[in-house]
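# Everything below, folded, please.
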Amino acid sequence: MEKIAILVDSGSDLSLDYIREEGFYYLPLYVNLDGKFLKDRLEISPEDFYAWIKTNNKLPKTSMPSPGDINELLEKIKEDGYDKVICINIGNKFSGTYNACKLAEVPGLEIYAFNTGNLTLAQGYYATYAKKLIDEGKSFDEITKKLEEKIYDSKVFFTIDTFKYIVEGGRVPKTFGKIGDALSVKPIIKTDPPEGGFAIEKIVRGEKKTISQLEKIIRKNLEGVKDYYFFISEGDYPDGHEKMKERLKDIIENAKIYKEGQISPTLGANTGPGLIGIGFFILD
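Take a look at the predicted model:
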């Protein structure tokens with residue numbers, strides 16, 4: 001009988017408690033604070049991360065796990081008695097982690113690296129889904145096929161307070177960022193699987209209209225959907241988080257799984273503070 005493990009990297013935004021409860025293996029990316037490399041969530045919390053940004057008025061650099069980190073974790077998975085592993089990876093446009101997992105080799109361990117083309121819980125919920133399929137007795141080949149079939153069914157939409165940090169991270173053109181901040185507009189950005197990367201969904205002026213538009217986008221995407229996982233994430237923006245929770249109370253109540261919290265430092269390093277993200281994974 002196949003014994004299948006699930007590995008998630010820190011781009012998934014799954015909490016360490018949840019990862020332990022589900023028996024997932026955790027592969028952290030790194031945040032570089034003044035030359036000190038810290039493992040995401042293990043050695044630096046989201047709260048400490050945003051405090052550092054405010055103090056230093058800049059974004060830190062990030063880096064992917066080393067090949068040694070990946071091999072060490074895969075060796076542990078093999079030692080724990082697994083013969084197959086599914087790696088739920090952050091989109092390859094955001095990090096080289098997927099490619100590194102894809103190239104990894106451990107004798108006696110079959111490795112499947114899944115490029116979600118996504119990040120935050122829109123990535124993490126693939127691990128939840130894979131665990132559901134394992135519990136249902138699906139085979140390794142069946143699970144990997146189903147994951148690939150669901151590539152368009154997990155989405156995240158987010159907005160940011162300023163273009164400053166996302167421009168610094170090279171995610172949007174500098175000229176676009178300057179115009180956006182000058183006109184006091186806020187972008188609603190989405191991830192764009194399967195290729196990944198960011199795409200502008202809408203440009204809105206003012207916080208109130210932005211939150212209203214986010215609600216409309218979510219309701220439109222979930223119209224007629226019965227079974228789904230749902231999440232609201234924030235990057236040092238608790239006020240926006242609470243406003244969205246109130247507006248989407250019914251969607252939260254009807255979700256099979258609902259999660260919330262601050263995004264991981266390695267994700268926040270590309271967007272800065274003032275982020276609210278909303279997303280879902282469609283089951284039916």
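# how close does residue 107 sit to residue 83?
11 Å (C-beta to C-beta, to the nearest Å). For the C-beta atoms, the positions are set from N, CA and C on the backbone; glycine is no exception.
# ditto for residue 69
In terms of C-beta to C-beta, residue 69 sits 22 Å off from residue 83.
# what helix or strand does residue 148 sit in?
If you go by DSSP states H and E, residue 148 is part of helix 140-149.
# How about residue 186?
With DSSP H and E as criterion, residue 186 is part of strand 185-191.
# Direction included, what does that strand pair up with?
strand 154-160 (antiparallel), strand 198-205 (antiparallel) (DSSP bridges).
# So which of those strands is nearest residue 214?
strand 154-160 (6.2 Å; C-beta to C-beta).
# what's the offset of that closest one from the middle of its chain?
From the chain centre to the centre of strand 154-160 is a distance of 10 Å (C-alpha atoms, centre = their mean, to the nearest Å).
# hmm, who's touching it?
116, 118-123, 125-126, 166, 186-191, 193, 201, 204, 210, 214, 217-218, 221, 233, 235, 240, 271-272, 274-282 (C-beta atoms under 8 Å, 6 or more residues apart in numbering).
# Could you do stretch 90-110 as well?
By C-beta under 8 Å, 6+ apart, the list of residues contacting stretch 90-110 reads 7, 9, 11-12, 27, 29, 62, 64-65, 67, 70-71, 74-75, 77-78, 82-85, 87, 89, 111, 113-119, 123, 140, 191, 193, 195-197, 266, 270.
# Return the helix or strand in the chain with minimum mean pLDDT.
helix 174-182 (a mean of 56; mean pLDDT, DSSP states H and E).
# Looking only at neighbour counts, state which of residue 107 and residue 83 leads.
residue 83 (15 against 6; other C-beta atoms under 10 Å).
# ok, that one to residue 111 distance?
For residue 83 relative to residue 111 (C-beta to C-beta), the value is 11 Å.
# One more: residue 253?
Applying C-beta to C-beta to residue 253 and residue 111 gives a distance of 38 Å.
# Which one of those two is surrounded by more residues?
residue 111 (20 against 9).
# pLDDT at that one, what is it?
Listed pLDDT for residue 111 reads 98.
# That one looks like it's in a strand, true?
Yes: counting by DSSP: H, G, I helix; E, B strand; the rest coil, one finds residue 111 located in a strand.
# who does it bridge with?
Beta-bridge pairing for residue 111 (DSSP bridges): residue 85.
# Residue 87 is in contact with that one, correct?
Yes: the criterion here is C-beta atoms under 8 Å, and residue 111 meets it with residue 87 at 6.7 Å.
# Please consider this matter closed, and thank you.
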